[in-house]
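Chemist: Next input, structure requested:
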Amino acid sequence: MKQLTLIFSLLALAVFSPGCKDDDSEFGDCWRTPNKSQLKLTVIEGPTIALPSKVSIFFKVTDANNNPVGYLTEENFVIYEKGINDSCPRIISEFEAKRKISGREQVFNHTTLLVLDLSGSVLQQSLTQLQSAAIAFVKEIVPAVPDPSIAMGIYWFDGADELHELEPVTHDIDDLEDAINSITPNISTDNSTDLYGAVIKSAAIADSILASYQNQDITSAASVVFFTDGEDRANRYLKADAYAAVTNSPQDISWFTLGVGNEINTIDLQKIGRNGFFQAETISQLTTVFKQIAEVVNNEANSYYFFEYCSPIRSGTNNGLVIEAYEGNEVGFMQAVFDATGFTGGCQL
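Modeler: I've put the predicted structure just below:
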């Protein structure tokens, strides 16, 4: 397999329109910018090619506010190619090129890490409500019948310099529920809150999970969901280092935070929850908000797509590829350039 040269363009929305002049467009005469909201297509892996003529790309779709756009089907995508005799990319029909757009359940694994603040205030004042809310969250994410492509692990932190494992990553919903129910008021011996340390350690765990899948040749993504009712009190790690741990995480790790009550540091949780920050005013709202997060996490997991098609091009080292996505009134695209040297017929998907 040969790695394609990739050219990203996240500058504008585009709809193919030959002869429509737009000098400010990335595509010049070939494209115009419609009055629609933007989708963004971000490549996670690839694109790659495989003889005789297969092109494959693994990508994620988000909207103008960086929210995941999940559950798209082949009807939501249009493919264009630009060969040596084309002045502009042109639509490739399904009769010219077999293609397949696969969603999450067909091509990759998604792991959620639920990270719970079990410092003194939670254990003494709101443990029962947290357990009920966490179990509701688990039920929204993990199928009752184990699915090998969906997993979750549960961790907790207090004031200690350790991210405690409550339940290792598993596909079994019963194990996850049992672990949550096993939490007791005396599980912690340090009433402080090492929030920044927990963030740094969670990033490392998420990285290691994805690396493990990669070593098995399994494409994967992860979501980290943080719950806290306070702010960092342990003063053990730098805030900047915690922020950096999130910022430096690859794009296939999403971060969500949930804060409850009036003692949280909203700025911290917004920075850490780069893909979403949620707030519950009172502990009684926890279950409702956890379910809201679960909906976003599910959409996140299903906003990844594996695209493969059999190119009809048979020569050229600088052929253009455009994949365009539509969802309601929103549209967006990504570009790539590929080498078709050696391409022949006989491609199968």
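Chemist: Please enumerate the strands of the stretch 51-200 of the chain.
Modeler: Counting by DSSP state E, counting those that start in this stretch, the stretch 51-200 of the chain has strands at residues 54-63, 77-82, 90-91, 99-102, 109-117, 150-157, 164-170.
Chemist: now residue 242: how far from residue 41?
Modeler: Residue 242 is 30 Å from residue 41, where distance means C-beta to C-beta, to the nearest Å. All C-beta spots, glycine's among them, are computed from the backbone N, C-alpha and C.
Chemist: my bad, residue 130
Modeler: Taken as C-beta to C-beta, the span from residue 130 to residue 41 is 37 Å.
Chemist: in the lengthiest helix in the chain, what counts as buried?
Modeler: When the chain is parsed with DSSP state H, its longest helix is helix 195-215. Buried positions in helix 195-215, judged by neighbour count with 16 or more other C-beta atoms under 10 Å: 195-203, 205-207, 209-210, 213.
Chemist: Which strands or helices does the next helix-or-strand element following it pack on?
Modeler: Using DSSP states H and E, the helix or strand that follows helix 195-215 towards the C-terminus is strand 220-228. Other elements packing on strand 220-228 under the criterion 3 or more C-beta pairs under 8 Å, 6 or more residues apart in numbering; DSSP states H and E are strand 109-117, helix 127-141, helix 195-215, strand 253-260, helix 266-272, helix 286-301.
Chemist: and residue 178, which of these is closest to it?
Modeler: helix 127-141 (10.0 Å; C-beta to C-beta).
Chemist: returning to that earlier point: and the strands of the stretch 51-200 of the chain as CSV, adding distance to residue 176 and mean neighbour count?
Modeler: Below are the strands of the stretch 51-200 of the chain laid out as CSV (distance: least, C-beta to C-beta, whole Å; neighbours: other C-beta atoms under 10 Å):
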stretch, distance to residue 176, mean neighbour count
strand 54-63, 26, 21
strand 77-82, 35, 20
strand 90-91, 46, 14
strand 99-102, 27, 17
strand 109-117, 8, 25
strand 150-157, 6, 23
strand 164-170, 6, 16
